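Asker: I'll drop the sequence and a predicted model, then ask my questions.
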Amino acid sequence: MRLAKSTDLALRVVMRLAVAGDELCVARQVADDMAVPYSHLAKVVNRLQRLGAVETWRGRGGGLALTGAGRTASVGWLVREFEGAGDVVECEGDNPCPLHRACRLRSALRSAQEAFFATLDPLTVSDLVESPTGPVLLGMVGRGPGGAAG
């Protein structure tokens, strides 16, 4: 199973915001720190905001911050929200598999997918930034293409 790019970015963004604590982060700087286009980051942040994991403020002095709910959010929940409830393989659609009504593989893959999510369920965003990850993330701050090393 491979996570969508938006899921990967969402996890990296909440981790980056988690190490910032209560400090507001500038979205363009976070995009630079994560080495991703600002437009991609903006879409992911918008979704994280709708989920209640991130709060945003516009204008001068604005920025992004992880909410309390975002800090304690289950990683499994976040991944489910970004990945959706779809099957690992597409059995129906434009060219449906002839076995889709009697296939044992489909249910086995669905069980494996749920086991994957269940493994992530006990982890919170805060857990993800414990040492050694948190200090590495802090070292990245301001080192992206738009930031000064410091």
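Answerer: Now that the structure is in, tell me what you want to look at.

Asker: which stretches of this protein have low pLDDT?
Answerer: Across the chain, the ranges flagged by pLDDT under 70 are 142-150.

Asker: redo that, cut-off 80
Answerer: Low-confidence segments of the chain, defined by pLDDT under 80: 1, 85-93, 100-101, 137, 139-150.

Asker: can you give me the helices in it?
Answerer: 5-19, 27-34, 38-50, 68-72, 75-83, 104-120, 125-128, 133-140 (DSSP state H).

Asker: Any chance of JSON lines for the ones you listed, columns distance to Val89?
Answerer: Just so you know, the C-beta spots here come from the backbone N, C-alpha and C atoms, and that holds for glycine as well. Formatted as JSON lines, the helices of the chain follow (distance: least, C-beta to C-beta, whole Å):
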{"stretch": "helix 5-19", "distance to Val89": "18"}
{"stretch": "helix 27-34", "distance to Val89": "30"}
{"stretch": "helix 38-50", "distance to Val89": "25"}
{"stretch": "helix 68-72", "distance to Val89": "31"}
{"stretch": "helix 75-83", "distance to Val89": "14"}
{"stretch": "helix 104-120", "distance to Val89": "6"}
{"stretch": "helix 125-128", "distance to Val89": "28"}
{"stretch": "helix 133-140", "distance to Val89": "32"}
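
Asker: Tabulate these (TSV), appending distance to Asp94 and mean neighbour count.
Answerer: Listed next are these as TSV, based on distance: least, C-beta to C-beta, whole Å; neighbours: other C-beta atoms under 10 Å:
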stretch	distance to Asp94	mean neighbour count
helix 5-19	23	20
helix 27-34	35	20
helix 38-50	26	16
helix 68-72	38	15
helix 75-83	21	18
helix 104-120	17	13
helix 125-128	38	17
helix 133-140	41	14
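
Asker: I appreciate the help and will end here.
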